[in-house]
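I'll drop the sequence and a predicted model, then ask my questions.
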Amino acid sequence: MGQAWRFGTALALSGLLLASCAAPGPTPRPSARTFPSPTPTLPACSDRTVLASWTVDQLAEQVVAVPVQETDVGAVQAEVKQGVGGILLFGSSAPTNLGVQLQSLLAGAPGGIKPLVMTDEEGGGVQRMANLVGSLPWARQMGSTMTPAQIESAAEVTGRAMLQQGVTMDLAPVLDVDAGAGPNAVDADGSRSFSLNPSVASSDGLAFAEGLEAAGVIPVVKHFPGLGGASANTDDGPATTQPYSALQAAGLLPFEAAANAGLPAVMVSNASVPGLTTVPASLSSAVIEGLLVKQLHFRGLILTDSLSAGAIADLGLSVAQATVEAIAAGADMVMFASGDPAQVTADIDAAMVMAVDDGQVPQTRLVDAVTQVLQAKGVDLCTSGPG
C-alpha cells in the first residue's frame, strides 16, 4: 500500500510540473489530499485469545485436579504431562523430601504451565502435612482462644512452610458456621468451624485466609454457600443445607465477606439448598452463577468439592458426567478423591468434547473456566503456552 501511494504521488507531482510549463490559464484547485489506508489493528493478546486456539481436550485437562497420595506423587506423572490443572495431595504424613519430588514432577508440565498443588491444612485433625509445616489447633479452638491477628500470623507461618515444599494452594479456611460435635458421618464441620457466630466466623476465617495470602499460598474458602447445620455429610450421601432464608441470615454472611474482601478462590459444596436448588450446589447454576457470581459479585476461582462424593454418586452421575454439569453451571475447576486418575481424566476429556459438540457446554464457557485457572496460577499465555 505504501509503495502504491508513493508512486501515485510521484505521478501527481509530475502532472503539476507539466502543467506549470503549459500555457497560462486559470489556477486549478488543488485536488483532495489522499492518504494510505490505516493498517488494521490486531487484537491485543490475552489469555482468552490464545485459549481460543486450544483443543477441547487441552482445555478440559486444565479444569481438573487429580488426587494423589503425598507419599507417591510420581503416580500422577502422566496426568501432569498431559496438562492437568491441579494435583490434590492426600495423606497424613508427608515425606521429608516432598518439595524435591514435587519439583521433579512439575517439571514435566507442558509449556511450563504447572498445576496448582493443593491440600487441606485447616488445623486440628484436618492437616495433611503437619509433620513438615507444624500443627495448628482446630478452627473452633483458634476462634475461641486467639485473636484474628494471632490467627493470621499462625496461618502465615503454616503457609510459608507449605510454599517451601511446593504446595501452592490450601483448601482452607472453612467459613461454615457450626457448633456441632463433628467432623463425623453426620456433621461434616463441627470443630472445623471457627464459630457459630457469623461475625466471628467471618473475621477469623478471613484472617486465616489473609495469612495464607501473605505467605504466597492461595486460600480456598469453603463450603459455599454454607454447610453448617447440614442434614448429613455429603461424603457419604445426599444432604441439604439449612433453608436458603436461614443461610441469608447467618451461614452465607462469611462468604459474602470473603467476596467483598476479594479473596481469590472458593469451594462449592455438594449439598442442595432448600429454597434455591434441588441439586447439589456444585452442579447448580442458581448457586454458582446466580448467587455467587451475580449476587455476591465473586470474581475469583470457583472449585467444586469432590465430585466422587456420595452426594454426587447418589444421583447416578460419574465424575465425568458431574464435571460437565459443574462446568456448565459456572464452576472453573473440579476435583475428585477416588478412582484411577488416568481413567477419570480420560473420561472427563471425552465427556467434555461431547458436551461442547452438542452445545451442553459452550466452548466459551470452558475458555472462561480455564482463564480463571490460569489467573489463579499467575500464568500469562502471551508469554507462554501449552507444549
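Arrived safely, thanks for sending. Numbering: from 1, shown residues only.

what's Ser231 in contact with, if anything?
Applying Cβ atoms under 8 Å, 6 or more residues apart in numbering, we find Ser231 in contact with 239-240, 271. The C-beta positions use only the backbone N, C-alpha and C, and glycine is treated the same way.

and stretch 341-352, how far from the chain's centre?
19 Å (Cα atoms, centre = their mean, to the nearest Å).

cool, and stretch 46-61?
Averaging C-alpha positions (Cα atoms, centre = their mean) puts stretch 46-61 15 Å from its chain's average.

Would you indicate which residues of that stretch are buried?
Going by neighbour count (16 or more other Cβ atoms under 10 Å), the buried part of stretch 46-61 is 47, 50-51, 54, 56, 58-61.

need these in JSON lines with distance to Gln321, can you?
Below are the buried residues of stretch 46-61 laid out as JSON lines (distance: Cβ to Cβ, whole Å):
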{"residue": "Asp47", "distance to Gln321": "28"}
{"residue": "Val50", "distance to Gln321": "29"}
{"residue": "Leu51", "distance to Gln321": "24"}
{"residue": "Trp54", "distance to Gln321": "23"}
{"residue": "Val56", "distance to Gln321": "16"}
{"residue": "Gln58", "distance to Gln321": "21"}
{"residue": "Leu59", "distance to Gln321": "18"}
{"residue": "Ala60", "distance to Gln321": "13"}
{"residue": "Glu61", "distance to Gln321": "17"}
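
Not counting sequence-adjacent ones, nearest residue to Thr277?
Ser284 (4.1 Å; Cβ to Cβ, 6 or more residues apart in numbering).

cool, and Asp235?
Ala309 (5.2 Å).

What of Phe255?
Once flanking residues are discounted, Phe255 sits nearest to Phe224: 5.3 Å by Cβ to Cβ, 6+ apart.

What backbone torsions are found at that neighbour?
Note on Phe224: backbone dihedrals following degrees, to the nearest 10 are phi -60, psi 140.

Pull the contacting residues for it.
175, 255, 266-269, 281, 287, 292.

Among these, which lie within helices?
Among those, the subset assigned to helices under DSSP state H consists of Phe255.

hang on, the earlier thing: closest to Met354 out of the buried residues of stretch 46-61?
Val56 (9.4 Å; Cβ to Cβ).

right, and that closest one touches Met352 too?
Yes - in this structure, Val56 is within contact of Met352 by Cβ atoms under 8 Å, at 5.9 Å.

overlap in contacts of these two?
By Cβ under 8 Å, 6+ apart, the residues touching both Val56 and Met352 are Leu366.

Can you tell me the SS state at Trp191?
Heads up, residue 191 is Ser, not Trp. helix (DSSP: H, G, I helix; E, B strand; the rest coil).

Need the pLDDT of it.
For Ser191, the model assigns a pLDDT of 98.

Report how many residues lie close to it.
By the criterion of other Cβ atoms under 10 Å, Ser191 has 25 neighbours.

Same check on Thr278?
Neighbour count for Thr278, taken as other Cβ under 10 Å: 11.

show me what contacts it?
Ser272.

Ramachandran coordinates for it?
Torsion angles at Thr278 (phi, psi; degrees, to the nearest 10) stand at phi -100, psi -10.

Same question for Glu122.
Backbone geometry at Glu122, expressed as degrees, to the nearest 10, gives phi -90, psi -40.

Count the residues that sit near the nearest residue to it once chain neighbours are set aside.
Distances taken as Cβ to Cβ, 6+ apart place Ala172 nearest to Glu122, at 4.3 Å, with adjacent residues excluded. Applying other Cβ under 10 Å, we find 29 residues neighbouring Ala172.

want to try a markdown table for the contacts of Ser231, with secondary structure as columns?
Output for the contacts of Ser231, formatted as a markdown table (three-state DSSP):
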| residue | secondary structure |
| --- | --- |
| Ala239 | coil |
| Thr240 | strand |
| Ala271 | coil |
